[in-house]
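S.K.: sequence unknown, structure follows:
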């Protein structure tokens, strides 16, 4: 057939395609050879010529370290007092933590009041006209304190004492017999005294002989913080602690850190001496375990029964100022302390608080770069 292209002749564009591919391969090979040649022939970097420090700008900040833990405030009884009135308990006049003074009613038995007085001799007999002894002398002192003076507390129950007893009985609203029954007065080592009713002191209970009536409490609870071994290593006597409870804010110090085998506690004292809670200790409720379920007022308690109080332990007191990395600070052979500035100049500084790898320095301006690590001049 005329005009047809012979089958054996390839199209012209195929020949150009081969030429282009070959050209690309040549260019790529040449480029690869150049990169390989320059890379292999390039000298390695001189690590000795590189700076062995970095520049870090000093910054104004606040440095310190606080731990947030709970303090357990625990009322630890110092003793107890027994009652000796026989009959049925008809009322309990005191609540956990009440402070009682001379003549205050603690409870009633068969509607007869039992009151508090200061004394060391426990009631062991009825006292009437003609009785003599140390128990009579402490009765005389009690009567004088509540306004019925009998003269010298000589331990003799005479007519003056009987008259004073009758006047006191009149004030109490009981029969004026002039005889003090064995259970009429509960003697406590000292007054005023903070007390809490003993377990079992309940209305309706029949009592006889001697039986626990109240536990004696100190003026303030014991404050202690449970610590792990790592925490105990950070806290030392004199460390400041801030406590906040029920609208009250108290400042304390660690008085002692003690414990073994990973179980430690920090004991607290008032920062100005005395108790941590000062005049506000009555704000801390007694735990339920001490009062047979009547105390605590819903406060969270520790395993030992102490009321838990959120606290901040100032392990490293906070300080604001210009700070640099601690690694920037160097001490010279002659004992000077300072930093190395960007140009290699040594500048002496005064050191402040250090924490979290930073240290407050006096002598460097905010934003001024220093070398880290520092270098001696």
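M.R.: Now that the structure is in, tell me what you want to look at. Keep in mind it's a predicted model, so treat the numbers as computed, not measured.

S.K.: can you pull out the helices in this structure?
M.R.: Ranges of helices in the chain, per DSSP state H, are 12-41, 134-145, 159-172, 229-232.

S.K.: rank the ones you listed by pLDDT, which is bottom?
M.R.: Lowest mean pLDDT of the helices of the chain: helix 12-41, a mean of 38.

S.K.: can you tell me how far the residue nearest the centre of the chain sits from residue 300?
M.R.: In the chain, the C-alpha nearest the mean C-alpha coordinate belongs to residue 71, at 3.4 Å (C-alpha atoms, centre = their mean). Using C-beta to C-beta, to the nearest Å, residue 71 is found at 12 Å from residue 300. Every residue, glycine included, has its C-beta placed from N, CA and C.

S.K.: what residues are up against the closest residue in space to residue 145 that isn't next to it in sequence?
M.R.: Leaving aside its sequence neighbours, residue 145 sits nearest to residue 102 (C-beta to C-beta, 6 or more residues apart in numbering; 4.6 Å). Counting by C-beta atoms under 8 Å, 6 or more residues apart in numbering, residue 102 makes contact with 115, 116, 117, 118, 142, 145, 146, 191.

S.K.: Look up how far residue 51 lies from residue 243.
M.R.: Counting by C-beta to C-beta - residue 243 and residue 51 are separated by 50 Å.

S.K.: quick one, which of these two is more surrounded?
M.R.: residue 243 (21 against 7; other C-beta atoms under 10 Å).

S.K.: The more buried one reaches residue 309, doesn't it?
M.R.: Yes - using C-beta atoms under 8 Å, residue 243 is in contact with residue 309, at 5.0 Å.

S.K.: list the residues that contact both of the two?
M.R.: 71, 223.

S.K.: Now render the contacts of residue 102 as JSON lines, adding distance to residue 178 and neighbour count.
M.R.: Compiled in JSON lines, those are given as follows (distance: C-beta to C-beta, whole Å; neighbours: other C-beta atoms under 10 Å):
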{"residue": "115", "distance to residue 178": "17", "neighbour count": "20"}
{"residue": "116", "distance to residue 178": "21", "neighbour count": "24"}
{"residue": "117", "distance to residue 178": "18", "neighbour count": "23"}
{"residue": "118", "distance to residue 178": "22", "neighbour count": "17"}
{"residue": "142", "distance to residue 178": "15", "neighbour count": "24"}
{"residue": "145", "distance to residue 178": "19", "neighbour count": "15"}
{"residue": "146", "distance to residue 178": "16", "neighbour count": "16"}
{"residue": "191", "distance to residue 178": "24", "neighbour count": "18"}
